[in-house]
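Enquirer: how would this look folded up:
(chains A and B)
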Amino acid sequence: MNVTSDEIAAYRRQLKQIVDGLAAGDPRSGFPHLGSGFTHEQIAMFVEGNLQKRVEKLADALIEIADAFDDLQTLIDSYIRQIPLPAYATSSTDAELFLQWMADSQDISPEMMDVIHCEQARHEVEKRSRQFGTQLARFQEVWSPDVHEANNSDSVILNPVRVSCLFRTVELLDESWRDELPVTATFYPVDGEIRTALLEPAAAAALEFVSLSTSVADIAAQLRAACAPDETMDVIFRLNESGLLAIAASARYRPSDAESSGVEDGDS
Amino acid sequence: MVPAIGYALREQNRAILDDPAIDAVEITFERADDPLRLNRYIGDLEFQHVSVHCLKLSIASPDAPDWKYIDAIRAVAAENDADSVSDHLGFTRDGNDGHEMGHFAAPPWTPAALDCTSRNVDRLQEAFGARQFYVETIANLFEFQGTMREAEFVRRLLERTGCGWLLDVTNVYANSRNFNFCPRGFLDEVLSSAPRVQMHLAGGVFDEDAGMYIDSHSDPVPDEVWSLYRYALEKAGNRVTAVFIERDQNFPDDAGWLAEIHEARRIAEDASTMTRI
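Expert: Prediction:
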């Protein structure tokens, strides 16, 4: 049974017409193509079922921030009717698109904007974890939270995925941070979860000093300008415990083991 | 020969997956594809047969599936030592730059759709290599205008590509009940061209408002599906490589999970002594 290129082109047009309508929640685009004996109600049921599933998945993806919205359900219903799901989109992608739609089209308070930026940062962590999966896996192999001693020759390795986010209100912070607004939060993956760190000057300086890898001795020396000498190792150990960096014994890790990461910090 | 039998993995049935009666598992790609996860999705468990079940290859689309997506599936399959990959005979999008409908719809049963689907399946089989690819026939709420019947389309697809058939027994039952055709006739026609077979079993509900049986994965496998399952096993014989029970709602307790596995295995053992010609 030979198929011509015209027939393939017609099939492509047919599917585009069907999908453009059904993806936007309009079953009518399927009606002209319906087979004999089948009803409009059946296509409508298919479309409504898909929309309902999309709503449920999106609500699930936004569950961490659901309480921050007055009427999340109404917002989601409005969003899905305006923004069809792009090809290959996951529920995580849909959540990102929803947050951007909120920021672009809704009347958002500064507090709500912080909530949106926080969630966007978390999604960015997921995206970069996928992009730098090999480097992240390597970091996880080397990292242990329970490091309380280090030799000067030990290496210090940055978590390859770190996303920065600026908080302009205390909506997501303890009230004690109010006088220091805006505050930069760092989101990063470790141990199968996304963590958040608010870095005081010494800790932030320590991360600045660490490139792809450097020795404990180097970083401690550079930290002396930012904090008291007896605090430098404490800062490094706390950063290790948090998972933002890893202290790796020189026997377990050589700088030449590192792959190029292309990591950059991003601001949400 | 009794096929490998198990569950479509859900967090709700993880606890029973190490039961000796379970020697197969099907993992849903979208659930397993988690960039934050440290260990493989099936953990330390070992199975005779592991399959990766996908939702978005959209094999009936005119565009071939995107390589980035295929690579992600391959990574999950490799990580979990999968023996096979499967997805549905349908389309979720019109093209790689288009939109997603969400759930898949069956294509119109036409030569053009068959041509596109066959080429996509060929590409996927090449991409997945030794991991065999299976195409699942779906439960339809409706059909688009076509020039052949579904059974003919599926038979031609299997003959042209040599891929496996993921026979969702509940889907066949649902379609036959909703659209009034003989399910055994459908099985006879398609099985005649299937070089290898996997099966899905599930329980659904009758939606009074819609007047249709819905494959909701919400209930125990009904007697009619067990009966059709036995028939399919007797017809397909040694071509059946794995059977997976699906459940997504109204989860049973551990005894409930295991009861269905034992029933599936009992029927398979009975059927292995019988060949239906």
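Enquirer: Low-confidence regions, chain B specifically.
Expert: Counting by pLDDT under 70, chain B shows low-confidence ranges at B:275-276.
Enquirer: Go again with 90.
Expert: Filtered on pLDDT under 90, chain B yields the residue ranges B:1, B:38-39, B:102, B:209-210, B:273-277.
Enquirer: What residues does the stretch 51-200 of chain A have near chain B?
Expert: With CB under 8 Å from any CB of the partner chain as the criterion, the stretch 51-200 of chain A comes near chain B at residues A:51, A:53-54, A:84-90, A:126-127, A:129-130, A:133, A:140, A:189, A:191-194. Quick note: C-beta positions are derived from backbone N, CA and C, even for glycine.
Enquirer: These, buried ones only, as a ChimeraX selection?
Expert: In ChimeraX syntax, the buried subset of these is picked out as below (16 or more other CB atoms under 10 Å in any protein chain shown):
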select /A:51,54,84,85,87,88,89,90,126,127,129,130,140,189,194
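Enquirer: now, which of the residues of the stretch 51-200 of chain A next to chain B lie within helices?
Expert: A:51, A:53-54, A:126-127, A:129-130, A:133, A:140 (DSSP state H).
Enquirer: and which of these is nearest B:Ala82?
Expert: The nearest member of those to B:Ala82, counting by CB to CB, is A:Gly133 at 18.3 Å.
Enquirer: Count the residues that sit near the nearest residue to that closest one once chain neighbours are set aside.
Expert: Sequence neighbours aside, B:Pro35 is the residue nearest to A:Gly133 in space, at 6.3 Å (criterion: CB to CB, 6 or more residues apart in numbering or on different chains). One way to gauge burial is a neighbour count; for B:Pro35, by other CB atoms under 10 Å in any protein chain shown, it gives 17.
Enquirer: What residues are bridge-paired with B:Glu136?
Expert: B:His88, B:Leu166 (DSSP bridges).
Enquirer: Tabulate the ones in helices among the residues of the stretch 51-200 of chain A next to chain B in TSV, adding columns for pLDDT and distance to B:His53.
Expert: Below are these laid out as TSV (pLDDT from 0 to 100; distance: CB to CB, whole Å):
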residue	pLDDT	distance to B:His53
A:Leu51	93	23
A:Lys53	92	17
A:Arg54	94	20
A:Glu126	94	22
A:Lys127	92	24
A:Ser129	95	23
A:Arg130	91	20
A:Gly133	90	22
A:Gln140	94	27
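Enquirer: ok, and the closest non-adjacent residue to B:Val50?
Expert: Nearest to B:Val50 is B:Ala82, by CB to CB, 6+ apart, at 4.5 Å.
Enquirer: ok, now B:Arg247?
Expert: B:His217 (5.6 Å).
Enquirer: Verify the contact between the one you found and B:Asp248 for me.
Expert: Yes: the pair B:His217 / B:Asp248 is scored as a contact, 4.0 Å apart, by CB atoms under 8 Å.
Enquirer: which of the two has more neighbours?
Expert: Between B:His217 and B:Asp248, B:His217 has the larger neighbour count (other CB under 10 Å), namely 19 against 12.
Enquirer: Assign that one to helix, strand or coil.
Expert: With DSSP: H, G, I helix; E, B strand; the rest coil as the basis, B:His217 sits in strand.
Enquirer: what about stretch A:173-181, how long is it end to end?
Expert: 10 Å (CA to CA, to the nearest Å).
Enquirer: mind listing the helices for chain B?
Expert: Counting by DSSP H, the helices of chain B are B:29-32, B:67-79, B:111-128, B:150-161, B:169-179, B:183-191, B:223-236, B:254-271.
Enquirer: what about the strands in chain A?
Expert: A:85-86, A:155-158, A:163-167, A:183-190, A:193-198, A:213-215, A:245-248 (DSSP state E).
Enquirer: Spatially central, which residue of chain A would that be?
Expert: Nearest residue to the geometric centre of chain A (CA atoms, centre = their mean): A:His123, 1.9 Å.
Enquirer: That residue and A:Ala87: what is the separation?
Expert: A:His123 sits 18 Å away from A:Ala87, going by CB to CB, to the nearest Å.
Enquirer: List the residues that contact the closest residue to A:Gly243 other than its chain neighbours.
Expert: Nearest non-adjacent residue to A:Gly243, counting by CB to CB, 6+ apart: A:Val190, 3.1 Å away. With contacts defined as CB atoms under 8 Å, 6 or more residues apart in numbering or on different chains, the neighbours of A:Val190 are A:140, A:143, A:159, A:242-243.
Enquirer: Would you point out the most distant pair within those?
Expert: The farthest-apart pair in the contacts of A:Val190, when distances are taken by CB to CB, is A:Gln140 and A:Ser242, at 14.0 Å.
Enquirer: What degree of burial does B:Arg160 show, as a neighbour count?
Expert: B:Arg160, neighbours per other CB under 10 Å, totals 17.
Enquirer: any idea how far it is from chain A?
Expert: B:Arg160 sits 10 Å away from chain A, taking CB to the nearest CB, to the nearest Å as the criterion.
Enquirer: Now do the helices in the stretch 151-268 of chain A.
Expert: Secondary structure of the stretch 151-268 of chain A by DSSP state H, counting those that start in this stretch: the helices cover A:201-209, A:216-223, A:232-242.
Enquirer: can you list these in JSON lines and add mean pLDDT?
Expert: Shown next, in JSON lines, are those (pLDDT from 0 to 100):
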{"stretch": "helix A:201-209", "mean pLDDT": "82"}
{"stretch": "helix A:216-223", "mean pLDDT": "80"}
{"stretch": "helix A:232-242", "mean pLDDT": "91"}
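Enquirer: what's the closest of these to B:Tyr7?
Expert: Here helix A:232-242 is closest among the helices of the stretch 151-268 of chain A (CB to CB), at 38.2 Å.
Enquirer: How about the contacts made by the residue nearest to B:Arg247?
Expert: B:His217 touches B:202-204, B:246-249, counting by CB under 8 Å, 6+ apart.
Enquirer: which among the residues you listed end up buried?
Expert: Here, 16+ other CB under 10 Å leaves B:202-204, B:246-247 buried among the contacts of B:His217.
Enquirer: could I get these as CSV with distance to B:Thr273?
Expert: Shown next, in CSV, are those (distance: CB to CB, whole Å):
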residue, distance to B:Thr273
B:Ala202, 26
B:Gly203, 27
B:Gly204, 30
B:Glu246, 27
B:Arg247, 28
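Enquirer: Return the member of those nearest to B:Leu191.
Expert: For the buried ones among the contacts of B:His217, the nearest to B:Leu191 is B:Ala202 (19.6 Å; CB to CB).
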